[in-house]
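**Student:** Sequence first, then the predicted structure, then my questions.
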Amino acid sequence: MAKRSIRNIGVIAHIDAGKTTVSERMLYYSHKEHRMGEVHSGTATMDWMPEEQRRGITITAAATTIDWNDFQINIIDTPGHVDFTSEVERSLRVLDGAVGVFCGTGGVQAQSETVWRQADTYDVPRLVFINKLDRVGSNFFRVLEAIQTKLGANAVAAQVPIGSEKDFDGVVDLVERRALRFDSQSLGEKVIEGDIPGELEAEVEACREKLIEAAAEFDDGLMESYIEGREISAEELRAAIRTGTLLGKLVPVFAGAALRNLGVQPLMDAVCHYLPAPGDLDAVEGTNPHNGAEVVRSLNAAEPFCALAFKTVADSHGDLVYIRIYSGKLKAGTQVLNSRTGKKDRAQKLYLMHANHREQLDEAAAGSILAVVGFRHTSTGDTISDPANAIALEPPVFPERVITMAIEPISTEDRDKLLECLEKLAREDPTFGWKTDKDTGQLVISGMGELHLEIIVERLEREFKVKANIGKPRVSYRQTIMEACEGEGIFDHKLGDRSQYAEVRVNVGPGAGTGSCEIVNRLSKDDVPLEFHSAVVESLAAAVESGGTLGLPLMRIQVTVTGGGTRQGEASAVAFATAANAAFDNALNSSQSFVLEPTMRFEIQVPEEYYGAVSTDLNQRRTDIREVDLEEGLRILRGLVPLAETFGYTSRLRSLTQGRGTISLQPESYSAVPKEVAERFQL
């Protein structure tokens, strides 16, 4: 298949905007599936996990492939719930384009902002599908305006709806100037073309004028035709829209109601017309893992092989590792190099995935997204490449975990099995972790939210047959310092018949970023032999995680190893690791630490009559309400709230609003806790 006929896309949205329903309709109309799966009835093909079917939400990104008009479209349906945002992050890292689905009534909601920013991070070209236009209160142009203002996107209508709310029954294609309706007898499969309704002609021409103006910015020929008043053909306009979309500077917007089978086929056409093929993108840049030199690979099958592993699924027959091939070809049975570990792995079997079903392949080429069985040393974020032409690509970046829970097996006999299962789940999910608390001996699991950890516990029981008790959720507090400090650690002991001596000096100061700690090694090989440098750095990394005086992991700091020394014949890895740990503790003890807590950005929608009760309750939860809007009888509140104040709030909101209020949350940042909370940590 020609490179240009492949499209690698993701479907991204706020929870309940209808993206899985859109994906299901794509499967049906492309004849990939011969029944129409429904999210609300638990029959959606892409929501294959029992936990997804029971809750009616997407939890894990599911991949599939369809054929449409001589194009192969590889689709990843991503979750909309904030607890599973890592699935969106790793999917967007490897996709070429995306379809953003927005609810025709809800518009730009909290998580839709988050996934849009994630797509911005990876420069992913996008289309927009405004869904659910058959609902009461839906408004295509209001949502379009919100996308422009709230997301800062150069969004422009490529269609306009015919009718509104319950009378919505089709769209007008502004490029072709044709009305499109969808035959209900064939479940919308038959698209009926016709003339534009007379009452819409003026609106259609005005919107087409705006579309031409926006597209002309990216095509000099079209601009000239527009200025001179010449008639502009559909082919000219479509080419200019594609150029602007590929540059990431234009976002065509489409209309529909996927649940009622309206508008999906024109969206599939638009994916083929406007989103990039692998060959349309710039060459991929990486580094040589041996010497750090920059390496550039063109996105074609003639280059040496390289791919990025972006998802791992634990399986009883061996981990299933999802990869995106950026250059070259991969044959089943081929040996590849893992650039991170330096170890070789063998791709024993290759599969094209359709949700949880597999189609075995003999070979895959650049542009393909597939799954591999047989890797023993490769996991999420790793680059694999031709052993003779190594390259390391930039891995996806995942957010900090914000919540912890204690967990213990029902029976002591299950402890070893529980540890093994937790390790498997941690390989799958970079935002899930576990450890044994050094003070209490308890097993502790950590993740992105209550639902995230609840799903983990359910999977332990369902997939691995391990029952466990869990404690109440706890906030993952952190600590930081505001001023630089220095410390020195000396290890001078006789172990057995041998004297060991090491000294390490460090400077600990505020970091430049907002994330975890950075460790800078400025040791001289003349002062400390090179073979002991790693012991120093690893010891400091462990000290940062253990948290020093407060026992809280540190963040937003930079630890610089400024010097060290030893005596002839008395150096050892143990001595340097111990000295480094002591230097860090001494530095931290001479500084003032601040406790940080995770804060969440919230969006709450409540009927106007409940606004007073809800806002009063929020003010008691240390919230910072930054914006209050009134839309269609709904109050929409946006602001920040500490994560600690959100536990159980969904039930409280339902109680206050008789079940009519909704809340969306997503991680915002870490901020200093107030004095009364800090006192719990004996500051």
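**Tutor:** In hand now; what should we look at?
**Student:** Which parts of the stretch 451-600 of the chain are strands?
**Tutor:** Shown for the stretch 451-600 of the chain, the strands assigned by DSSP state E, counting those that start in this stretch span residues 468-470, 474-475, 478-481, 485-495, 498-510, 518-521, 557-565, 593-607.
**Student:** okay, and for the stretch 351-500 of the chain, where does confidence drop off?
**Tutor:** Scanning the stretch 351-500 of the chain for pLDDT under 70 picks out 356, 438-440.
**Student:** re the thing from before, which one of the strands of the stretch 451-600 of the chain lies closest to residue 346?
**Tutor:** For the strands of the stretch 451-600 of the chain, proximity to residue 346 was assessed by Cβ to Cβ; strand 518-521 is nearest, at 34.0 Å. Yep, even glycine has a C-beta here, placed from its N, CA and C like the rest.
**Student:** Pull up the pairing partners for that closest one, direction included.
**Tutor:** strand 557-565 (parallel) (DSSP bridges).
**Student:** what's the angle between the partner strand and strand 498-510?
**Tutor:** Following axes from the mean of the first three to the mean of the last three Cα atoms, to 10 degrees, one obtains 150 degrees for the angle between strand 557-565 and strand 498-510.
**Student:** Rank the helices and strands of the chain by mean pLDDT and give me the bottom one.
**Tutor:** Here the helix or strand of the chain ranked lowest by mean pLDDT, DSSP states H and E is helix 50-55, holding a mean of 50.
**Student:** follow-up on the earlier one: can you redo the strands of the stretch 451-600 of the chain as TSV with distance to residue 18?
**Tutor:** Output for these, formatted as TSV (distance: least, Cβ to Cβ, whole Å):
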stretch	distance to residue 18
strand 468-470	32
strand 474-475	33
strand 478-481	37
strand 485-495	53
strand 498-510	44
strand 518-521	41
strand 557-565	43
strand 593-607	17
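**Student:** ok, now which ones touch the residue lying closest to residue 70 once chain neighbours are set aside?
**Tutor:** Closest residue in space to residue 70, ignoring its immediate chain neighbours: residue 5 at 6.0 Å, by Cβ to Cβ, 6 or more residues apart in numbering. Residue 5 makes contact with 70, 71, 72, 277 under the criterion Cβ atoms under 8 Å, 6 or more residues apart in numbering.
**Student:** ok, of the residues you listed, which come out buried?
**Tutor:** 71, 72, 277 (16 or more other Cβ atoms under 10 Å).
**Student:** which residue is nearest the centroid of this protein?
**Tutor:** In the chain, the residue lying closest to the centroid (Cα atoms, centre = their mean) is residue 89, at 2.0 Å.
**Student:** do you know which of the strands of the stretch 451-600 of the chain lies nearest residue 108?
**Tutor:** Of these, nearest to residue 108 by Cβ to Cβ is strand 593-607, at 9.6 Å.
**Student:** Can you name every helix or strand that that closest one contacts?
**Tutor:** helix 110-121, strand 478-481, helix 611-619, strand 634-642, helix 649-656, strand 662-672, helix 675-678 (3 or more Cβ pairs under 8 Å, 6 or more residues apart in numbering; DSSP states H and E).
**Student:** what do you get if the cut-off is 10 Å, keeping everything else the same?
**Tutor:** When contacts are defined as 3 or more Cβ pairs under 10 Å, 6 or more residues apart in numbering; DSSP states H and E, strand 593-607 packs onto helix 110-121, strand 478-481, helix 611-619, strand 624-631, strand 634-642, helix 649-656, strand 662-672, helix 675-678.
**Student:** Would you pull up how far the last one lies from the middle of the chain?
**Tutor:** I take that to be helix 675-678. 33 Å (Cα atoms, centre = their mean, to the nearest Å).
**Student:** which stretches of the stretch 151-300 of the chain form strands?
**Tutor:** For the stretch 151-300 of the chain, the strands defined by DSSP E, counting those that start in this stretch cover 155-157, 159-162, 170-173, 178-182, 191-194, 251-255, 284-287, 294-297.
**Student:** nearest to residue 508, of the ones you listed?
**Tutor:** Comparison of these against residue 508 by Cβ to Cβ identifies strand 284-287 as nearest, at 28.6 Å.
**Student:** Let me see the backbone angles for the closest residue to residue 318 other than its chain neighbours.
**Tutor:** Closest residue to residue 318 apart from its sequence neighbours, by Cβ to Cβ, 6+ apart: residue 373 at 5.1 Å. Main-chain dihedrals, residue 373, degrees, to the nearest 10: phi -110, psi 140.
**Student:** Residue 373: what's it in contact with?
**Tutor:** 315, 317-321, 332, 347-351, 358, 360 (Cβ atoms under 10 Å, 6 or more residues apart in numbering).
**Student:** related to what we said a few turns ago, tabulate the helices and strands packed on strand 593-607 in JSON lines, adding columns for distance to residue 98 and mean neighbour count.
**Tutor:** Converted to JSON lines, the helices and strands packed on strand 593-607 look like this (distance: least, Cβ to Cβ, whole Å; neighbours: other Cβ atoms under 10 Å):
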{"stretch": "helix 110-121", "distance to residue 98": "5", "mean neighbour count": "20"}
{"stretch": "strand 478-481", "distance to residue 98": "32", "mean neighbour count": "21"}
{"stretch": "helix 611-619", "distance to residue 98": "33", "mean neighbour count": "15"}
{"stretch": "strand 624-631", "distance to residue 98": "26", "mean neighbour count": "12"}
{"stretch": "strand 634-642", "distance to residue 98": "24", "mean neighbour count": "19"}
{"stretch": "helix 649-656", "distance to residue 98": "28", "mean neighbour count": "15"}
{"stretch": "strand 662-672", "distance to residue 98": "18", "mean neighbour count": "18"}
{"stretch": "helix 675-678", "distance to residue 98": "39", "mean neighbour count": "12"}
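**Student:** buried set for whichever helix or strand residue 426 is part of?
**Tutor:** Here residue 426, judged by DSSP states H and E, is contained in helix 415-428. Neighbour-count burial for helix 415-428 flags 418, 421, 422, 424, 425, 426, 427, 428 (criterion: 16+ other Cβ under 10 Å).
**Student:** who does the next helix or strand along the chain from it pair up with?
**Tutor:** Per DSSP H and E, helix 415-428 leads on to strand 433-436 as the next helix or strand towards the C-terminus. In the sheet, strand 433-436 lines up against strand 443-447 (antiparallel) (DSSP bridges).
**Student:** Distance from the strand it pairs with to the middle of the chain?
**Tutor:** Centre-to-centre, strand 443-447 and its host chain are 21 Å apart (Cα atoms, centre = their mean).
**Student:** list the contacts for the residue lying closest to residue 192 once chain neighbours are set aside?
**Tutor:** For residue 192, ignoring the flanking residues on the chain, the nearest one in space by Cβ to Cβ, 6+ apart is residue 181 at 4.7 Å. Applying Cβ under 10 Å, 6+ apart to residue 181 gives the contacts 162, 169, 170, 171, 188, 190, 191, 192, 193, 194, 262.
**Student:** Just flag the most distant two among those.
**Tutor:** For the contacts of residue 181, the maximum inter-member distance is 16.4 Å, found between 162 and 190 (Cβ to Cβ).
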